[in-house]
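Pasting the sequence and the predicted model now:
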Amino acid sequence: MAEMEKKTVNAMGDVCPVPLVKAKNAIAELAGSGKVEVLVDNEIAVQNLEKMAQQKGYGFLVKEKKEKEYHVEFTVSETEPAETEEKTVCLVPAAKKTKLVVLSADHMGEGAEELGKILMKGFLYALSQMDTLPETILFYNGGVMLTTEGSESLEDLKAMEEQGVKIYSCGTCLDFYNRKDLLKVGEVTNMYTIVELMAKAEKILKP
């Protein structure tokens, strides 16, 4: 039995639809049947190629996988279904959603303030233990008490900051409460940035 023809296509560094086009061209050059191996460097390209294989009825295999290197193999037979018109659709990585937490007081909820402060401390601790942390935490009005000297949540806030969470405190609010020199975590911000952050956020969490 004659050995099946095989072609290798290097699509490392290429973005959709280039890997798809290269794969289609290589398949078209096969003498009826064979294998086409496509080298790509990201999972989105693998998913796009797999979708094409499903549309065409080709055999599909991710043959070898290393860090940022995927060897995708198509198997084409002479009995493939007739060509059908199709649209090339490129998948794109899911957009990272911007999650903003806004805190306007040093306590949580209405009622007994002492209880509210206990709840807020628990909220920030629980937030710091989440698998997915927010991108930004915004403090204004009485919320700036949580980022300044004496706050019982400084350790949790600093831990989140070390993991990349942006922490901003309203400068006007710090001045009003005479606590700008007592800021212990994060940065001072202004109303323009506060509005911009809230307008751009896809999800705002306010306890």
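Everything's here; your move.

Which helix or which strand is home to residue 65?
Assigned by DSSP states H and E, residue 65 belongs to strand 59-66.

Just checking: what are the partner strands of that strand?
Applying DSSP bridges, strand 59-66 is found paired with strand 69-76 (antiparallel).

what comes up buried for the strand it pairs with?
Under the neighbour-count criterion of 16 or more other Cβ atoms under 10 Å, strand 69-76 has 70-74, 76 buried. For glycine as for every other residue, the C-beta is placed from the backbone atoms N, C-alpha and C.

Closest one of those residues to residue 132?
Residue 132 has its nearest neighbour among those in residue 70, at 26.1 Å by Cβ to Cβ.

OK, contacts around that closest one?
Residue 70 sits next to 39-43, 45-46, 62, 64 when contact means Cβ atoms under 8 Å, 6 or more residues apart in numbering.

quick one, what contacts residue 58?
Residues in contact with residue 58 (Cβ under 8 Å, 6+ apart) are 27, 52, 74-76, 80.

Now it, what are its backbone angles?
phi -80, psi 150 (degrees, to the nearest 10).

Could you check how far it is from residue 52?
As for residue 58, its distance to residue 52 is 8 Å (criterion: Cβ to Cβ, to the nearest Å).

got the residue ranges for the strands in this protein?
For the chain, the strands defined by DSSP state E occupy 6-10, 34-40, 59-66, 69-76, 99-103, 136-139, 166-170, 187-189, 203-205.
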